[in-house]
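1. A structural model of the following input is requested.
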Amino acid sequence: MKKTLLILAISFFTICVSAQTAFGIKAGVNSASMSVDAEDTFGDGWSKAIHPLITASFLTQIELSYRTNLTMELGLVQKGFKIKISEGGNDGEVSMTFNQIQFSPGIAFNASDEFSIGLGPYIGYAAKYKLKAKITIDGDNDTITDTDTADFDDEEKLDYGVNVDLNYVSYNGLLLSAGYSLGLKDYNNDSDSDVYTNSGIMISIGYLFN
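-> Model prediction:
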């Protein structure tokens with residue numbers, strides 16, 4: 001999987017050399033979630049909570065026509081979910097976070113000189129994992145931290161899906177981006193149970209160097 005991402009990255013830079021391009025960087029927040037029914041999976045009283053995580057990437061924009069650009073991003077996107085409980089004598093939260101190396105090619109359609117709408121797939125690989133749990137049940141406290149990715153095989157570290165975003169680029173290169181990421185990879189190995197896929201609302205700020 002790592003070799004595949006490397007080949008994609010090399011292809012990405014090769015294309016950029018032969019076309020009119022703008023390079024850039026951006027970073028922001030991913031309000032990450034997963035399609036998990038908290039009560040069905042973890043028990044009564046549990047509910048999903050906001051799980052703000054980090055995104056940071058290098059990007060390029062290759063002009064295909066006046067209204068259309070090829071876009072490519074390569075960087076870090078943290079994904080995962082958080083659940084909480086506060087009921088009776090029970091209180092606590094559990095969070096799971098994956099540091100995902102992600103490649104995202106796409107097409108951006110220019111609505112005007114400043115605004116564009118982007119659409120495209122992504123493929124990611126989880127390089128690091130962290131589970132944190134802090135729970136109080138009937139006065140008993142329990143804290144768990146786990147960062148061992150050895151528990152996951154390469155197939156479980158793989159993620160893929162689609163991104164949709166709205167971008168604003170000012171005349172001096174300032175980039176503002178808001179988008180939604182919808183995962184298509186089902187992490188639930190039990191086909192008779194619910195589908196577990198990643199999702200996230202991403203807000204980013206960056207700069208394009210023309």
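
2. going forward, measure contacts between C-alpha atoms and count neighbours the same way
-> Fine.

3. Strand partners (parallel or antiparallel) of the lengthiest strand in the chain?
-> Taking DSSP state E as the assignment, the strand of the chain that covers the most residues is strand 115-137. Applying DSSP bridges to the sheet, strand 115-137 is found paired with strand 90-110 (antiparallel), strand 140-146 (antiparallel), strand 158-169 (antiparallel).

4. Which one of those strands lies nearest to residue 128?
-> Distances from residue 128 to each of the strands paired with strand 115-137 were compared using CA to CA; the shortest belongs to strand 90-110, at 5.0 Å.

5. In this structure residue 52 contacts residue 29, no?
-> Yes - with contact taken as CA atoms under 8 Å, residue 52 and residue 29 are classed as touching, separated by 6.3 Å.

6. neighbouring contacts of stretch 159-171?
-> Contacting residues not belonging to stretch 159-171 are listed as 114-126, 174-185, 208 [CA atoms under 8 Å, 6 or more residues apart in numbering].

7. And it, what's buried?
-> Across stretch 159-171, burial judged by 16 or more other CA atoms under 10 Å covers 159, 160, 161, 162, 163, 164, 165, 166, 167, 168, 169.

8. what does stretch 174-184 give?
-> By neighbour count, and taking 16+ other CA under 10 Å as the criterion, the buried residues in stretch 174-184 are 175, 176, 177, 178, 179, 180, 181, 182, 183, 184.

9. Listing partners with orientation, what would you give for the helix or strand harbouring the fifth one?
-> Spelled out, it's residue 179. Applying DSSP states H and E as the criterion places residue 179 in strand 174-183. When sheet partners are counted by DSSP bridges, strand 174-183 sits next to strand 158-169 (antiparallel), strand 198-209 (antiparallel).

10. Alpha carbons only: can I get it in PDB?
-> These are the backbone C-alpha positions of strand 174-183, laid out as PDB (Å, rounded to 0.1, in the frame of the first residue of the first chain):
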ATOM      1  CA  LEU A 174      -5.300  33.100  -0.100                       C
ATOM      2  CA  LEU A 175      -7.300  29.800  -0.100                       C
ATOM      3  CA  LEU A 176     -10.400  29.000   2.000                       C
ATOM      4  CA  SER A 177     -12.000  25.600   1.700                       C
ATOM      5  CA  ALA A 178     -15.000  23.900   3.200                       C
ATOM      6  CA  GLY A 179     -16.000  20.300   2.300                       C
ATOM      7  CA  TYR A 180     -17.500  17.000   3.100                       C
ATOM      8  CA  SER A 181     -15.700  13.600   3.000                       C
ATOM      9  CA  LEU A 182     -17.800  10.500   2.600                       C
ATOM     10  CA  GLY A 183     -16.000   7.200   3.200                       C
END
